[in-house]
Each structure stands twice: as structure tokens, then as C-alpha cells.
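Chemist: here's a sequence, model it:
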Amino acid sequence: MISNKRLNQIVHCDCIEGIGALPDACIPLTVTSPPYDAMRDYGGTKFQFEPIATELARVTMPGGVIVWVVQDQIVDGFESGTSARQRLFFETVGMNVHGTVIMAMKGCRYPRKQRYGQQFHYAFVLSKGKPRVVKVLQDKPNSAVGAVVANSRRFRNGDLTTTMKPKRIGPYGLRGNVWLIDAGNGRTTKDRFAYEHPALMPEGMAEDHILSWSQPGDLVFDPMCGAATTCKMALLNHRKYLGMEVHQPYWELACKRMELAKEAHQRQVLAILRQKAAG
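Modeler: Numbers count the residues shown, from 1 in each chain. Just a heads-up that it's a prediction; the model follows:
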């Protein structure tokens, strides 16, 4: 277990050293977006994927999940394929691929006539054994609300049965694995100063993964936390957090952002207490 003194903070350190100081099997959920190939220069720090992945697997508890958000760089006109190699490497260090979520952004940046513009990121949901928490979000609007349909099942041999109990379609269905993320200026975050970071994770993306793979009170970890999006959304959803950031300007940015997040969280808690007292 991690001591309470180390929780709810952003640590200024190299993440390999930082994760190496953590005990085995102590992290229930990691949500992180590592550098995408050589698309950005994070203060000249070299990204060492294999040691980071190995250490993340070590500190993930049984049933714990790593959400690894990544995208391939276009190099000499071709996709690098880095994301696929990273996914396969995680399997060699004891992580299972529970699923892959396509994080599709509204709009397309830098379209080119030579190719369809890159519009999505992969989120590899990696688990150590069966995930301890799975809460599939149910927010997909149904077009046939109120209709009663026969519940069917197709067997391995191809036969179809409709003898299962009919069900009435509700207003919302379970979400699929393609998520449309609202991102861009003023939508990725309302924290204007956070855009000093060149590759912000949209808050909605981090929040939905936190809600899907953890429960209130859990620890959410981001070893390459950048501007602290994961940590902010963990706090605002009543989770503990731990972030690490090696680049001094981004660490300072993350700390500033978390001070504002703590104030917002305090207002949340006070509103809940007032509501309970009134009810």
C-alpha cells in the first residue's frame, strides 16, 4: 500500500525512478497519455517505453487497469506502428488487453490530400487478470425508446433463439468502444492557462475512463501527468490521485491546476453536505 503522505500530490521526478519507488501491486488504475513517438519535445527528456511499461505492470494490483492513450506519428508518409508494438509488449509483462477504445475527436486537424486526416487516438485498456471494476457507461441515446423487442441470442453453431424474455427499450443504451470526444479550444478544458501544455488530454476523455474502471475512493495514477488532467478529474470524481511529471514547467503548470481543482472539489463537497442537510 502507498502511505497517505504520498497521495494527492504531483511529484516532480522522472517517472521510472518515481514508479520504481512504489511498492508492488499498489495501483488500482493508471490513466496516462505518454509521448507519441517524437511528435513533441518534452524538455529533451528521453521516453523509455519498455522500463516504464514493466514498472507499471509491477505496481498494478491484481484486477487493476492501465489505460494507455496513444497515437502513431506519420514518419516519411507512413504510420510508425508504435502503438501496436507497445500493446504487444504490455502482454509480455503480464497485462491483458481487456479492450481497445477508439477516442475519436470532433473535427480533424491538419487534413492532407495524400491521406485521410488523423482523427482518433487509441486507448488500450490493459488489465492484470479480470478487471476489479467495470462500469460500462450507459449514455447512448436510443432511437426506439419504449419499444418492446424480443431478446435473442445466437449460438456457436449459428442457430438463433428468441425465447428469452422480451425487454422494453429505455432512453439510453450501453456505450460502444468508439467514443466521440469534444475537444479543442475551450472544450478540452475551461482552464485557459492549461493550454500552455502542447498536448492536453481532454477532460472528458480522462473522466470517462476514471468512471469506467474505478470507484470512489480508489487511487488514480498518472506517471506522465503533463498538465494534470487525469489527476484533476480523479479528484473531482472523488478519487485519490498521484501524478508524476519530469519537465519542470509542466510540473509547475500541473501544481497550479490542481490548486484550482482542490477549490472546486471543496465547493462540490460543501454543496453535497448542504443538500444532505436540507433533505
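
Chemist: output the below-cut-off pLDDT ranges for the stretch 51-200 of the chain.
Modeler: 107-112, 163-164 (pLDDT under 70).

Chemist: which residues in it form helices?
Modeler: With DSSP state H, counting those that start in this stretch, the ranges of helices along the stretch 51-200 of the chain come out as 82-92.

Chemist: hey, where'd the strands end up in the protein?
Modeler: Applying DSSP state E to the chain gives strands spanning 9-12, 27-32, 60-70, 74-75, 78-79, 96-105, 120-127, 140-141, 148-154, 160-168, 172-173, 178-181, 219-222, 240-245.

Chemist: for these, which one sits closest to G43?
Modeler: Set against G43 and scored by CB to CB, the strands of the chain come closest in strand 240-245, at 10.1 Å. Backbone N, C-alpha and C define where each C-beta goes, glycine included.

Chemist: tell me, how many residues neighbour I52?
Modeler: Residues lying near I52 (other CB atoms under 10 Å) number 19.

Chemist: neighbours around M205, how many?
Modeler: The tally of other residues near M205 (other CB under 10 Å) stands at 27.

Chemist: let me fix that: A228
Modeler: Residues contacting A228 under the criterion other CB under 10 Å number 29.

Chemist: would you put the C-alpha positions of stretch 115-123 in CSV?
Modeler: Backbone C-alpha positions of stretch 115-123 (Å, rounded to 0.1, in the frame of the first residue of the first chain) are rendered in CSV as follows:
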residue,chain,number,x,y,z
ARG,A,115,-4.3,10.7,-46.7
TYR,A,116,-7.4,10.9,-44.5
GLY,A,117,-6.6,13.2,-41.6
GLN,A,118,-5.8,11.6,-38.3
GLN,A,119,-8.9,12.0,-36.0
PHE,A,120,-8.6,9.4,-33.3
HIS,A,121,-6.4,8.1,-30.5
TYR,A,122,-6.2,4.5,-29.2
ALA,A,123,-6.9,3.9,-25.5
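
Chemist: can you start the count at 59 instead of 1 from here on
Modeler: Fine by me, first position is 59 from now on; the one you just mentioned is stretch 173-181.

Chemist: redo the strands of the chain as CSV? Include distance to C313.
Modeler: Compiled in CSV, the strands of the chain are given as follows (distance: least, CB to CB, whole Å):
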stretch, distance to C313
strand 67-70, 5
strand 85-90, 18
strand 118-128, 22
strand 132-133, 34
strand 136-137, 35
strand 154-163, 26
strand 178-185, 26
strand 198-199, 37
strand 206-212, 51
strand 218-226, 49
strand 230-231, 38
strand 236-239, 26
strand 277-280, 14
strand 298-303, 9
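
Chemist: want to throw those strands into a markdown table with distance to Q333 and mean neighbour count?
Modeler: Formatted as a markdown table, these follow (distance: least, CB to CB, whole Å; neighbours: other CB atoms under 10 Å):
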| stretch | distance to Q333 | mean neighbour count |
| --- | --- | --- |
| strand 67-70 | 29 | 18 |
| strand 85-90 | 28 | 26 |
| strand 118-128 | 31 | 22 |
| strand 132-133 | 50 | 14 |
| strand 136-137 | 50 | 12 |
| strand 154-163 | 33 | 17 |
| strand 178-185 | 34 | 21 |
| strand 198-199 | 28 | 10 |
| strand 206-212 | 37 | 10 |
| strand 218-226 | 32 | 9 |
| strand 230-231 | 24 | 14 |
| strand 236-239 | 30 | 15 |
| strand 277-280 | 25 | 26 |
| strand 298-303 | 23 | 26 |
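
Chemist: for these, which one sits closest to H323?
Modeler: H323 sits nearest to strand 298-303 of all these, at 10.6 Å, using CB to CB.

Chemist: tell me what that closest one is packed against?
Modeler: Packing partners of strand 298-303 (3 or more CB pairs under 8 Å, 6 or more residues apart in numbering; DSSP states H and E): strand 67-70, helix 73-78, strand 277-280, helix 287-294, helix 306-336.

Chemist: could you find the closest non-adjacent residue to L87?
Modeler: Leaving out its chain neighbours, the residue that sits closest to L87 by CB to CB, 6 or more residues apart in numbering is S272, at 4.4 Å.

Chemist: pretty sure the one you found contacts R297?
Modeler: Yes - assessed by CB atoms under 8 Å, S272 is found in contact with R297 at 6.0 Å.

Chemist: need the overlap of contacts for those two.
Modeler: Shared contacts of S272 and R297, defined by CB atoms under 8 Å, 6 or more residues apart in numbering, are found at V278.

Chemist: hmm, back to that, can you list the helices and strands packed on strand 298-303 in CSV and add distance to T140 and mean pLDDT?
Modeler: Output for these, formatted as CSV (distance: least, CB to CB, whole Å; pLDDT from 0 to 100):
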stretch, distance to T140, mean pLDDT
strand 67-70, 26, 97
helix 73-78, 18, 96
strand 277-280, 20, 98
helix 287-294, 21, 97
helix 306-336, 22, 93
